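>>> model this:
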Amino acid sequence: MKNILPPWLSPHINKFDKQFFHHAYLISGRSGVGKNMLASYLSRMILCNSEDNRLCGTCQGCKLAENNNHPDFHCLTVLDDKKLIGISQIQGLISKLYESPFLAKNKVVIIPNLEKLSIDGLNAILKILEEPPKDTYFFLTSNFLNQVPLTIQSRCFDIKIGAPNKELALEWLSDFSEEEGMLALNLTNNLPLLAKELLEKNILNEREQFIKEISSIIKEGKNLILTSEKWIEDKDFLNLKLEWMSKLLCDSIKFNANNQIDNLTIDTDNITKYLAKNADVNNLHNLLSKTNRLWNLFSKDTNLRKDYQLNSLFVDWESSLGISKKI
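Residues are numbered from 1 along each chain as shown. Modelled structure (predicted):
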């Protein structure tokens, strides 16, 4: 873990004083803005032996935290064979929190993606937030603040992180060309961590394949099942591809309303204009709603068959936008 935060997160640190930390923080924002990075940094501030509002980087606490090996640091995540964090994990955590710290005077808990807690787990966390163990600090993060019970929100200090402006994001992505950075930010709705991951994994090649596959569905209705199966296997970027689908529809709707608009996604502007000119705008709106609904469903890790759901969406796209078969 590095001790340097991205420039859009640094201002949040200035609001904190190590001597006056609240016992619980709820950090919310879209996936890819750096919620867990901020939670990690703040937790290390608490475990650092320095009295200053910074990380010294040299004390035993900092070195152990850097190696993810601090005995007073706890991170609660979903087990490999589970879909949610259950009550048994919470109970195991609670037993540790009522023990004395091993090294530091404080203990720290991070729970990323609070929406991954079961109902019983949420109730157990609520109880411990109401009566927190001495010198114990909680950092909870969520991609969906509206899914966090108000009873938990009311017991936490709220930190909302928005997407940074493009200048700050491009500064952070300076290892890549400005053209690559701009495209990656455009494709991820200005979410810099996701943009960096996209660039590091060379997903721009995947983007090119996405454009070919979507074009084939729109114009010819080809390979629906094959494409669906391929996307389902690519779990890491399935939701991103759905976002790309939504963005394509949004661009088409915008161009339909104003054909002078100049902020269309560069690599799909031809498809955008084609749809805007040839597709019924009501179909575009309906498909946008269906695509966004599926994105939201997949984001919650639904128990429904994802391949069936995705294939159904592709069929809707083809039937509504199969323009080449109609003109």
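>>> make it CA atoms for all contacts and neighbour counts henceforth
OK.
>>> give me the element the closest residue to residue 242 other than its chain neighbours is part of.
For residue 242, ignoring the flanking residues on the chain, the nearest one in space by Cα to Cα, 6 or more residues apart in numbering is residue 295 at 6.1 Å. Residue 295 belongs to helix 281-299 when elements are defined using DSSP states H and E.
>>> which other helices and strands contact that helix?
Where contact means 3 or more Cα pairs under 8 Å, 6 or more residues apart in numbering; DSSP states H and E, helix 281-299 is packed against helix 238-257, helix 306-321.
>>> just the CA trace of that helix, in CSV.
Provided in CSV are the C-alpha atoms of helix 281-299 (Å, rounded to 0.1, in the frame of the first residue of the first chain):
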residue,chain,number,x,y,z
VAL,A,281,-36.1,7.3,-30.3
ASN,A,282,-38.7,5.5,-28.1
ASN,A,283,-36.9,2.2,-28.7
LEU,A,284,-33.7,3.9,-27.7
HIS,A,285,-35.2,5.0,-24.4
ASN,A,286,-36.8,1.6,-23.7
LEU,A,287,-33.5,-0.2,-24.4
LEU,A,288,-31.6,2.3,-22.2
SER,A,289,-34.0,1.5,-19.3
LYS,A,290,-33.6,-2.3,-19.8
THR,A,291,-29.8,-2.0,-20.1
ASN,A,292,-29.5,0.1,-17.0
ARG,A,293,-31.9,-2.3,-15.1
LEU,A,294,-29.7,-5.3,-16.0
TRP,A,295,-26.5,-3.4,-15.0
ASN,A,296,-28.1,-2.7,-11.6
LEU,A,297,-29.2,-6.3,-11.2
PHE,A,298,-25.7,-7.6,-12.0
SER,A,299,-24.1,-5.1,-9.7
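>>> mean confidence score for that helix?
Averaging pLDDT along helix 281-299 gives 93.
>>> do the same with stretch 302-320
Across stretch 302-320, pLDDT averages out at 87.
>>> and it, which residues are buried?
Of all the residues in stretch 302-320, those buried under the rule 16 or more other Cα atoms under 10 Å are 306, 307, 310, 311, 313, 314, 315, 316, 317, 318, 319, 320.
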